[in-house]
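Asker: take a look and give me a structure for this.
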Amino acid sequence: MEVRRAGPGDATSAANAYIASLQSLDFLPRLHTHDELHAFVGRLLEEQEVWVAEDGGGILGLAALTSDMLSHLYVHPDAQGRGAGAALLAKTKERRPEGFTFWVFQQNELARRFYEAHGCRVVQLTDGAGNDEKTPDALYAWAPGEV
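Answerer: Numbering: from 1, shown residues only. A predicted model of the protein is given here:
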């Protein structure tokens, strides 16, 4: 598996992994069409620092970073548990060595266990009023010195 900086040619493959991961979260409302989600990932590639994990079969997942936030980390459900998420999170820690924050839906217990096992901690719980899905979420943080 390789983690590398995403380029414009990765938009479709990265969007496919993103959409598959998002659709596996059955507690979320479906607010956008596939075309809208493809356009969204295309904008991420233009506006943020995006890294992808890939193997010989294509892109397994992506991580999008702003100056101090991990805005998105999604891994295709078929690739979960194979190290793609850990590799993307390690790249995020490398790229943001001073620390970063990110949001996770509270019901996404698999993701929460993953992040907590990798040294991230909850700093705030919300009722979801501030997100598009209106679904309770948790603000996590990772700081230097944490695993």
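Asker: give the contact list for the residue sitting nearest the centre point of the chain.
Answerer: Using Cα atoms, centre = their mean, the residue of the chain that lies closest to the mean C-alpha position is residue 73, 1.0 Å off. Contact analysis of residue 73 by Cβ atoms under 8 Å, 6 or more residues apart in numbering lists 61, 62, 63, 64, 85, 88, 89, 92, 102. For glycine as for every other residue, the C-beta is placed from the backbone atoms N, C-alpha and C.
Asker: distance of the third one from residue 19?
Answerer: When you say that, I think you mean residue 63. 16 Å (Cβ to Cβ, to the nearest Å).
Asker: more neighbours: which of the two?
Answerer: Shown here are residue 63 and residue 19; by other Cβ atoms under 10 Å, residue 63 has more neighbours (28 against 18).
Asker: centre of the chain to the strand or helix carrying the more buried one, how far?
Answerer: Here residue 63 sits within strand 58-65, counting by DSSP states H and E. When C-alpha coordinates are averaged (Cα atoms, centre = their mean, to the nearest Å), strand 58-65 and its chain have centres 8 Å apart.
Asker: next secondary structure after that strand?
Answerer: With DSSP H and E, the next secondary element past strand 58-65 is strand 70-75.
Asker: count of neighbours near residue 23?
Answerer: 13.
Asker: got a list of what it touches?
Answerer: residue 30.
Asker: rerun at 10 Å
Answerer: 30, 34, 37, 77 (Cβ atoms under 10 Å, 6 or more residues apart in numbering).
Asker: of those residues - the most surrounded one?
Answerer: Neighbour-wise, those (other Cβ under 10 Å) top out at residue 37, 17 neighbours.
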